[in-house]
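S.K.: need coordinates for the following:
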Amino acid sequence: MIFPCIAAPRRGGAIASIIISSLFLLCAGFLLASCGPKEPQALQVWTYDSFVSEWGPGSALSKLFEEKSGIKVSFVSKGDGGALLAALISAGKEAQADLVVGLDNNSLTKALGSGLFVPAELPNKDKIRADLLIDPSLKLVPYDFGDFAIIWDSESGVRAPKSLEDLTDPYYARRLIIMDPRSSTPGLGLLAWTQAVYGQEWKEYWRRLKPSVLTMTPGWDTGYGIFTKGEAPLVLSYSTSPAYHKAYEESERYKALVFPEGHAAQIEFAGILASSKRKKEAGKFLDFLISPEAQAILPETQWMYPANVETQLPESFSVVPKDIRTIPSTIADPDKDPETAAEILTTMAG
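M.R.: Take a look at the predicted model:
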């Protein structure tokens, strides 16, 4: 930094010297202060809405990580999970983030194909369930998982459907809330689930399902909120959702329905961006995220199963069905099928 020269007056020498000395000390102090060590900027982590909500894990994780490492973390929500990936792809190498937390297995191929992530070195890698490590490069690292399910309000007076096909019965007209597969990972999960069960006939299934759908919300938060307000007796969510009501409401009113055809699973991932200038610190956070201490926070904030095999489940998970059969599922065409599914519902409205 360059300061303007200060010329000394030709008279009043003593006073002038004092003034000049004072100004010199002031300028020197300013220079020293500006050149001194600065507090490092917080790690920037892009994620989705519920992760940073008041009931989500974001606050507890950032506090614990700072206590353990001295590194601050700032979470930035980019909407629901589908919107998170869209924001990342749109920003590309210009993304103002060090890590991304909240991508899932249904968007894994697209995320890895972007070339925006770098491999991670993880001391805690061996504690992750082996079947969750579907990216051997460790560019995207699993931190939790769960099965998609239909949640039923047992006090609604509506009988519980027994299968995906049962949901298309006219009895369930406008009684189901789902999420948009273009912007929501649960919505994308429903698409993967129906493709796994119906194969190439999935479009016909969505057409049959349309009359049963009350609304298709942009994200899970909105949809589940409408459900708990009593506006519909059925909602797309996770088999673990009843654990929330058990823990915080001491209620077993909301049930996860087990369908004989099996259920699609969601695995959530986090990764370090290649554009990050703080990859070392980002790597520390990623390894922390899969550590026993951090994983213990997830079951009753994410309401998902932890990826770390050493993590004990809380008592609230006793209401989660144990007889769910997980089936392999993928999106046949990740670029076109979400749009097609949404169009089937919206163009047939009314």
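
S.K.: and residue 226, what is it in contact with?
M.R.: 177, 215, 217, 232, 235 (C-beta atoms under 8 Å, 6 or more residues apart in numbering). The C-beta positions use only the backbone N, C-alpha and C, and glycine is treated the same way.

S.K.: what residues of stretch 333-343 count as buried?
M.R.: 334, 337-338, 341-342 (16 or more other C-beta atoms under 10 Å).

S.K.: cool, and stretch 56-69?
M.R.: Buried-residue list, stretch 56-69, by 16+ other C-beta under 10 Å: 56-59, 61-62, 64-65.

S.K.: please apply the same query to stretch 69-86.
M.R.: Of the residues in stretch 69-86, those buried (16+ other C-beta under 10 Å) are 71, 73, 75, 77-86.

S.K.: doesn't residue 145 fall inside a helix?
M.R.: No - remark: residue 145 does not belong to a helix; assigned using DSSP: H, G, I helix; E, B strand; the rest coil, it is strand.

S.K.: what residues are up against it?
M.R.: 129, 132, 265-268, 304-305, 307.

S.K.: now swap in residue 252 and tell me
M.R.: 154, 242, 245-246, 319.

S.K.: buried among those? Make that a PyMOL selection.
M.R.: Buried residues among these (16+ other C-beta under 10 Å), as a PyMOL selection:
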select buried, resi 242+245+246+319
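
S.K.: so where do the helices sit in this protein?
M.R.: 13-35, 58-69, 81-91, 108-113, 185-198, 202-209, 220-228, 241-249, 279-289, 292-295, 337-347 (DSSP state H).

S.K.: contact partners of the shortest one?
M.R.: I take that to be helix 292-295. Helix 292-295 has contacts (C-beta under 8 Å, 6+ apart) with 61, 64-65, 68, 127, 143-144, 288-289, 306-308, 310-311.

S.K.: re the thing from before, for the buried residues of stretch 56-69, work out which two are farthest apart.
M.R.: 56 and 65 (14.9 Å; C-beta to C-beta).

S.K.: any idea of the mean pLDDT in stretch 77-97?
M.R.: On average, the pLDDT along stretch 77-97 is 91.

S.K.: ok so, going back, which one, of the helices of the chain, ends up nearest to residue 158?
M.R.: It's helix 220-228; of these, that one is closest to residue 158 (C-beta to C-beta) at 12.4 Å.

S.K.: check which residues of the closest one are buried.
M.R.: Going by 16+ other C-beta under 10 Å, helix 220-228 has these buried residues: 220-224, 226-227.

S.K.: for residue 346, give me its contacts.
M.R.: Residue 346 touches residue 216, counting by C-beta under 8 Å, 6+ apart.

S.K.: show me what the residue nearest to residue 215 when sequence neighbours are not counted is bridged to.
M.R.: Leaving aside its sequence neighbours, residue 215 sits nearest to residue 177 (C-beta to C-beta, 6 or more residues apart in numbering; 5.8 Å). On the basis of DSSP bridges, residue 177 is bridged to residue 215, residue 235.

S.K.: centroid residue for this structure?
M.R.: residue 102 (2.9 Å; C-alpha atoms, centre = their mean).

S.K.: pull the contacting residues for that one.
M.R.: Shown in contact with residue 102 (C-beta under 8 Å, 6+ apart): 46-48, 51, 81, 84, 185, 268-270.

S.K.: from residue 276, how far out is it?
M.R.: According to C-beta to C-beta, to the nearest Å, residue 102 stands 17 Å off from residue 276.

S.K.: one step back: kindly present the contacts of helix 292-295 as JSON lines, with separate columns for pLDDT and distance to residue 118.
M.R.: Rendered in JSON lines, the data for the contacts of helix 292-295 read as follows (pLDDT from 0 to 100; distance: C-beta to C-beta, whole Å):
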{"residue": "61", "pLDDT": "98", "distance to residue 118": "21"}
{"residue": "64", "pLDDT": "98", "distance to residue 118": "25"}
{"residue": "65", "pLDDT": "98", "distance to residue 118": "20"}
{"residue": "68", "pLDDT": "96", "distance to residue 118": "23"}
{"residue": "127", "pLDDT": "96", "distance to residue 118": "21"}
{"residue": "143", "pLDDT": "98", "distance to residue 118": "17"}
{"residue": "144", "pLDDT": "98", "distance to residue 118": "22"}
{"residue": "288", "pLDDT": "98", "distance to residue 118": "17"}
{"residue": "289", "pLDDT": "98", "distance to residue 118": "16"}
{"residue": "306", "pLDDT": "98", "distance to residue 118": "24"}
{"residue": "307", "pLDDT": "98", "distance to residue 118": "20"}
{"residue": "308", "pLDDT": "97", "distance to residue 118": "22"}
{"residue": "310", "pLDDT": "95", "distance to residue 118": "27"}
{"residue": "311", "pLDDT": "96", "distance to residue 118": "26"}
